[in-house]
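In: what follows is a predicted protein model with its sequence.
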Amino acid sequence: MGLVLKNVTQTKAGTWHYRRRLPRDVAPLLGQGEFKRLLGSTEREALRNYPKVNGEFERLVVETRRRRGGPDLSAITPMELHRLAEQRAQELAAMTVHIGGRPLPGSHPDAADVIRESYLSRSGQGEDPVESRAVAILAGGDRLSRPTPTIEDARKLYLKERVGDDTKKKMELDRVFKLVSEALQSDRTLASLKREDAKEVRDHMADGRKASSVDRYLNVVRAVTNHAIREFDLAGMANPFMNLEADPARVKAEPDRDRRRPYTEKEAKAVTARIVSHARPDLRRIWQIMEGTGCRLAEVAGLRVSDVRLDHTIPHMTVEWHEDRRIKNAVSRRDVPLFGTALQAAKEAVKAAKGGLLFPAYGREGGPASASAALGKHVRTAVDDRKVGPSHSLRHLMKDRLRLAGISKSDQDIVLGHSSGSVGEDYGGDETRLKVAERALKAALGIESKRR
């Protein structure tokens, strides 16, 4: 047999066939793992039909990826391209190549040379960068080194492993790294980043933005870079964004307490009156629960019916992580007492609920943002000050009420789900912590506590 072509096999009956495994990202979309075509019953027919059939395979892969949102090769990094090429090289290594009548695996040096020559012979038809690198990996005996990770690799890794399906965090990550890209004007390797580059990023971020926003953005870049240094095993690399802050003079001019302020008691009453009379029932209940507990908007909006314990000695709701809602951190997991208007709102919500979520319109992904926007419109009819928002300002008000009631910092943290940084915050039973929260909230709201 003199035929030397990759992906070609001869059956015992003497017919020639083109057989080629489909790429891993394409096979599920087509519902098959292998592409097969008859080339002919003779070697001459197989030689004549091979280019047409091979071209059919290439077009099928390209068109399937284009139709079904396959990897956009124009947007991938060198490291990602190399990974795709490694997968393709494994497929090439597993196939059989006939050389002089000998069936050899693609990983055999002689077979690898044939595959390489076959690819080079048709490179004028338009180079496939993944196929090209896969052939190079195969021909080099898998000794082709992996490219150095870049800033974009770091962003994508963080998106996959730390952000996941959190739409809000994804949008912020995209916003921050768009500024990083603009500042550096190219996708730089992580190992090449210097302190000077980090300062250029900071200065670009500072153009027209508050110092608080710049610091928040830099925190995101720091976290992403630290994660990449660890996961990509970049031993010895220092994070150039560490200890880098916005202009100290600008930070001093914008004290943290002035960026967001709590409602005054008068403003809170005015907003509540507006929401009670004009808002949808579910929005009203969310507001009343937030006002009576100091919980975050997302914590209330994401409650399940099962999280509300009305038959307990101390009626309360449990704020915890579940499949439909994330919470800020482990300390945020807590039991929060319900009484007064908040308890009544919770009872109404449980009665109105028709499924697992207490507030189905806002318990979904992106729901808290929608609730915030809807509540914000009501807030603006009563309060013009932009430093007052529907959620954070209400929490700040509860913080002030707790302080004025003489509640200790540790007990305030139990109510609001704040971390004190103390190892002891994880100690103590749930019942005791619930009683502590009940006592603190009643004191803050001026509710007389009965002895049990």
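Out: Nice, I can see it. Residues are numbered from 1 along each chain as shown.

In: where does the chain dip in pLDDT?
Out: Across the chain, the ranges flagged by pLDDT under 70 are 1-4, 63, 65-75, 100-101, 118-127, 142, 247-259, 322-331, 419-428, 449-452.

In: tell me how far the residue nearest to the spatial centre of it lies from residue 157.
Out: The geometric centre of the chain, computed from its C-alpha atoms, lies nearest to residue 163 (Cα atoms, centre = their mean), at 2.3 Å. Between residue 163 and residue 157 the computed distance is 10 Å (Cβ to Cβ, to the nearest Å). Using the backbone N, CA and C atoms, a C-beta is placed for each residue, glycine as well.

In: hang on, the residue nearest to the centre of the chain packs against residue 174?
Out: No. Applying Cβ atoms under 8 Å as the test, residue 163 and residue 174 come out as separate, 10.0 Å apart.

In: how about residue 341: what's its closest non-neighbour residue?
Out: residue 288 (4.9 Å; Cβ to Cβ, 6 or more residues apart in numbering).

In: just checking, next helix/strand downstream of the strand or helix carrying that neighbour?
Out: Assigned by DSSP states H and E, residue 288 belongs to helix 281-293. Counting by DSSP H and E, the next helix or strand C-terminal to helix 281-293 is helix 297-301.

In: tell me the domain ranges of this protein?
Out: Segmentation of the chain into domains, based on automatic domain parsing, reads 8-139, 151-255, 265-445.

In: return the most buried member of those.
Out: Most buried of the domains of the chain, by mean neighbour count (mean count of other Cβ atoms under 10 Å): domain 265-445, with a mean of 18.

In: quote the end-to-end distance of that one.
Out: 11 Å (Cα to Cα, to the nearest Å).

In: need the domains of the chain in CSV (columns: distance to residue 145).
Out: Shown next, in CSV, are the domains of the chain (distance: least, Cβ to Cβ, whole Å):
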stretch, distance to residue 145
domain 8-139, 9
domain 151-255, 13
domain 265-445, 38
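
In: coming back round to it: without its sequence neighbours, what residue ends up closest to the residue nearest to the centre of the chain?
Out: residue 169 (4.7 Å).

In: go on, residue 223?
Out: Excluding the flanking residues, the one nearest residue 223 by Cβ to Cβ, 6+ apart is residue 158, at 7.3 Å.

In: which residues touch the helix or strand where that neighbour lies?
Out: Using DSSP H and E, residue 158 sits in helix 151-158. Residues outside helix 151-158 that contact it (Cβ atoms under 8 Å, 6 or more residues apart in numbering) are 77, 79-80, 173, 177, 180-181, 184, 187-190, 193, 223-225, 227-228, 231-232.

In: how near is residue 52 to residue 341?
Out: 76 Å.

In: no, scratch that, I was asking about residue 155
Out: In terms of Cβ to Cβ, residue 155 sits 44 Å off from residue 341.

In: isn't there a strand covering residue 38?
Out: Yes. Assessed with DSSP: H, G, I helix; E, B strand; the rest coil, residue 38 lies in a strand.

In: that one: what's it in contact with?
Out: Per Cβ under 8 Å, 6+ apart, neighbours of residue 38: 15, 16, 17, 18.

In: which of those residues fall within strands?
Out: The strands, defined by DSSP state E, take in 16, 17, 18 from those.

In: could those residues go into TSV alongside distance to residue 282?
Out: Shown next, in TSV, are the ones in strands among the contacts of residue 38 (distance: Cβ to Cβ, whole Å):
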residue	distance to residue 282
16	68
17	63
18	61
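
In: hang on, residue 215 packs against residue 241?
Out: No. In this structure, residue 215 is not within contact of residue 241 by Cβ under 8 Å, at 11.4 Å.

In: which phi and psi does residue 261 have?
Out: For residue 261, the backbone dihedrals (degrees, to the nearest 10) come out as phi -120, psi 160.

In: tell me how far it lies from residue 274.
Out: Taken as Cβ to Cβ, the span from residue 261 to residue 274 is 19 Å.

In: now swap in residue 343 and tell me
Out: 22 Å.

In: element containing residue 49, please.
Out: Assigned by DSSP H and E, residue 49 falls within helix 43-67.

In: how far does that helix sit from its chain's centre?
Out: Between the centre of helix 43-67 and the centre of its chain there are 38 Å (Cα atoms, centre = their mean, to the nearest Å).

In: much appreciated, bye for now.
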